[in-house]
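[1] Provide a 3D model corresponding to the input given below.
(chains A and B)
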Amino acid sequence: MDLKEKLKKEIDRLNELIKDCENKLQEMQDYLRTSQELALSFCKKELATLEQEYIKLFESDLHK
Amino acid sequence: MAVINVTPLTDITALIASESVNEGDVLLLEEGIYFQSVIIPKNNIRIIAKGSKVIFDGKSTLITAFLLSNVTGVLIDGINIRYYRANGIEIDSGYGNRIIKNTINNTFNFGISILDSSNNLLWKNEVSKCNDGIRLSAASTNNWIIENTAKECSDDGFESISAANNNAYISNKAIRNRFAGFEIVGSNNLLFENSSIDNVQGIIIGSGSDTMIIGNTIIGSRTDALTITGQRNNFTAENYIECTRQAGIFHLGQFGTFLSNEISYSGNDGILLGSSVRDLVMDNKLTCNLPENINDDGRDNVLINNIEKQCEPCGSPSDICGDNCDVKENSSN
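    Got it, this is the predicted structure:
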């Protein structure tokens, strides 16, 4: 599997994970919510990093 | 400096945020089951398990057990972490933190995630049944990953992506992960004396240059043992590779050096120089790799003083390694 393909798969997986966590957040008691929202924001940062990496690779392929 | 006793009933995030906890303080965790996520926004806080049964259980509800954001000098020692929806321990924009002797299993994302962070030590952690065991990403540099074990993860044991440069992976073990034992992207990384046992791929060195792969053991890979697709000047020496279903070493870069490696019983060439250019392949010992010990499909490569042995009667890779390539199964436990 090449890096681009792997990143795409990883982005899809993380998107799914974030959606799933967001759903769980709705069911959570208030005292837990603040820490979980912060934890989720870290996952979103990870996702943004992967997406940037994917775009970089995609653009460098276009210039080849 | 104070030692503060903590029980499962303590809200550790609130405690750290309060004025009761100062830099250098030790939070000593009593044994028991903790249902919480701990956010550490202060430098030099030491969180230490008092016994072997300090368990953080996210009950598949909580997202991450420990979050270190923009901090330095934090120690997390001896905690058992299980069933979190994302990560066991996450360091984001951190520097010089120490994560040691923790046991992490069944997290949906990573056991330990290092994001945009430098100079951290991950030592003697055991991670199992996660997506990746230990993951470095987003320009994480100069981290030390030493004597950790990553087992039975659904993707890689150890992975780095997106310009994770200058990191050292030393004496780690990756066992029975569903993709690679080590998948390392970036430049000038060191992989020294690690073991990759029964992973689908042994070690993959992706894009990047100047990485050193020295003294590693790779046994029973389902595909290639050591794949180097990185660009140039990667250095591969004194690795021991046995019973790989495909190539022992598969190289696609330029100016690679392959020195004194021992490769035996590979199912699809011992050393396969694919599109590689101007490699030096010297003093390697190759035994019974089929169809060839060294297959040079590249350009201008130099082969010097390699010792090649053919298979003995009844000594082919499938005879020696068996179908499951589990000749050294006991060594992985």
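[2] would you confirm that B:Lys59 contacts B:Tyr34?
    No: counting by C-beta atoms under 8 Å, B:Lys59 stays clear of B:Tyr34, with 10.9 Å between them. Backbone N, C-alpha and C define where each C-beta goes, glycine included.
[3] contact residues of the stretch 151-300 of chain B facing chain A?
    Applying C-beta under 8 Å from any C-beta of the partner chain, we find that the stretch 151-300 of chain B lies next to chain A at B:161-162, B:185, B:206-207.
[4] kindly recompute the last result at 10 Å.
    Proximity of the stretch 151-300 of chain B to chain A is confined to B:154-156, B:159, B:161-163, B:179, B:183, B:185, B:201, B:204, B:206-207, B:229 under the rule C-beta under 10 Å from any C-beta of the partner chain.
[5] buried among those residues? Need that as a selection in PyMOL.
    The buried residues among these can be selected in PyMOL (16 or more other C-beta atoms under 10 Å in any protein chain shown) with this line:
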select buried, chain B and resi 155+156+159+161+162+163+179+183+185+201+204+206+207+229
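[6] thinking again about what came up before, the more surrounded of B:Lys59 and B:Tyr34?
    B:Tyr34 (23 against 11; other C-beta atoms under 10 Å in any protein chain shown).
[7] list the beta-bridge partners for that one.
    On the basis of DSSP bridges, B:Tyr34 is bridged to B:Phe56.
[8] isn't it up against B:Tyr83?
    No: counting by C-beta atoms under 10 Å, B:Tyr34 does not reach B:Tyr83; the two are 12.0 Å apart.
[9] show me whatever sits in contact with both of the two.
    B:55-58, B:65 (C-beta atoms under 10 Å, 6 or more residues apart in numbering or on different chains).
[10] export these to a markdown table and tack on neighbour count and distance to B:Gly322?
    Output for the shared contacts of B:Tyr34 and B:Tyr83, formatted as a markdown table (neighbours: other C-beta atoms under 10 Å in any protein chain shown; distance: C-beta to C-beta, whole Å):
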| residue | neighbour count | distance to B:Gly322 |
| --- | --- | --- |
| B:Ile55 | 19 | 39 |
| B:Phe56 | 27 | 40 |
| B:Asp57 | 19 | 39 |
| B:Gly58 | 25 | 40 |
| B:Ala65 | 28 | 40 |
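[11] for the top helix by length along chain A, which helices and strands make contact with it?
    When chain A is scanned for its longest helix (criterion: DSSP state H), the result is helix A:30-62. If you count contacts as 3 or more C-beta pairs under 10 Å, 6 or more residues apart in numbering or on different chains; DSSP states H and E, helix A:30-62 packs onto helix A:3-27, helix B:12-17, strand B:38-40, strand B:66-69, strand B:89-92, strand B:110-115, strand B:132-137.
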